[in-house]
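Q: just the structure for this:
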Amino acid sequence: MTIRIERLMALLFAAALGAGILPETASAESNAAAAVISACLKKVESEQASPQKCIGIVADACLQRASSTQDLIACYAGETEEWDSRLNRAYKFVMGRLPADAANKLREAQRSWLDTRKLTCGFYGVFYDGGTIAGPSAASCYNGETAERALYLKFFADELAKR
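A: Alright, predicted model coming up:
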């Protein structure tokens with residue numbers, strides 16, 4: 001019986017929360033991740049460097065303290081949550097400023113991307129046959145894919161903000 005990778009990640013995240021590995025109030029961790037990513041993005045912008053340098057900055061620091069599979073997944077999940085929040089804000093901003101035709105195209109592209117991310121990151125579960133490394137690998141994938149998409153949508157949000 002194969003467990004879908006999303007279900008596995010949710011179970012491991014819940015177990016980490018229940019075991020006290022994650023803070024009971026995720027808002028403190030979320031605020032910290034938001035601050036670290038914001039500072040990084042400001043820094044790379046001022047240096048005219050790639051914003052991709054900021055992908056993994058929160059998770060990498062957390063991974064240094066991780067001691068279990070659940071810890072690894074939780075590290076990625078914490079950062080992914082912040083990138084997902086940024087992605088959603090940028091998407092809503094862009095959708096609110098596009099003509100109907102362009103908004104429909106973006107909605108279609110976003111739905112396609114969601115499916116692609118799910119299949120791409122879910123493949124780790126298949127490849128590793130649900131083994132221990134499957135969960136952290138998929139969590140890392142979700143973080144990277146979500147961050148890349150957030151940066152992609154941020155580009156359009158920034159462009160539209162100039163108009």
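Q: for the spatially most central residue of the chain, which non-adjacent residue is closest in space?
A: Centroid-nearest residue in the chain, with CA atoms, centre = their mean: residue 80, separated by 2.7 Å. Excluding its sequence neighbours, the residue lying closest to residue 80 (CB to CB, 6 or more residues apart in numbering) is residue 143, at 4.4 Å. The way it works is simple: take the backbone N, C-alpha and C, and place the C-beta from them, glycine included.
Q: surely the one you found and residue 60 touch.
A: No - using CB atoms under 8 Å, residue 143 is not in contact with residue 60, being 10.3 Å away.
Q: for the residue nearest to the centre of the chain, list the residues it contacts.
A: Applying CB atoms under 8 Å, 6 or more residues apart in numbering, one finds that residue 80 lies in contact with 139, 142, 143, 146, 147.
Q: confidence score at residue 153?
A: Residue 153 is assigned 98 on the pLDDT scale.
Q: any low-confidence regions in the chain?
A: 1-27 (pLDDT under 70).
Q: where do the helices of it begin and end?
A: 5-18, 26-46, 57-63, 69-95, 100-127, 134-161 (DSSP state H).
Q: CA atoms of the third one as CSV?
A: Extracted C-alpha coordinates of helix 57-63, given in CSV (Å, rounded to 0.1, in the frame of the first residue of the first chain):
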residue,chain,number,x,y,z
ILE,A,57,17.9,30.2,3.9
VAL,A,58,15.4,29.4,6.7
ALA,A,59,15.4,25.6,6.2
ASP,A,60,19.2,25.4,6.0
ALA,A,61,19.6,27.0,9.4
CYS,A,62,17.0,24.7,10.9
LEU,A,63,18.5,21.6,9.3
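Q: buried residues in that helix?
A: Within helix 57-63, the residues scored as buried using 16 or more other CB atoms under 10 Å are 57, 58, 59, 62.
Q: save those residues as JSON lines, and put in distance to residue 119 too.
A: Shown next, in JSON lines, are those (distance: CB to CB, whole Å):
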{"residue": "57", "distance to residue 119": "26"}
{"residue": "58", "distance to residue 119": "25"}
{"residue": "59", "distance to residue 119": "22"}
{"residue": "62", "distance to residue 119": "26"}
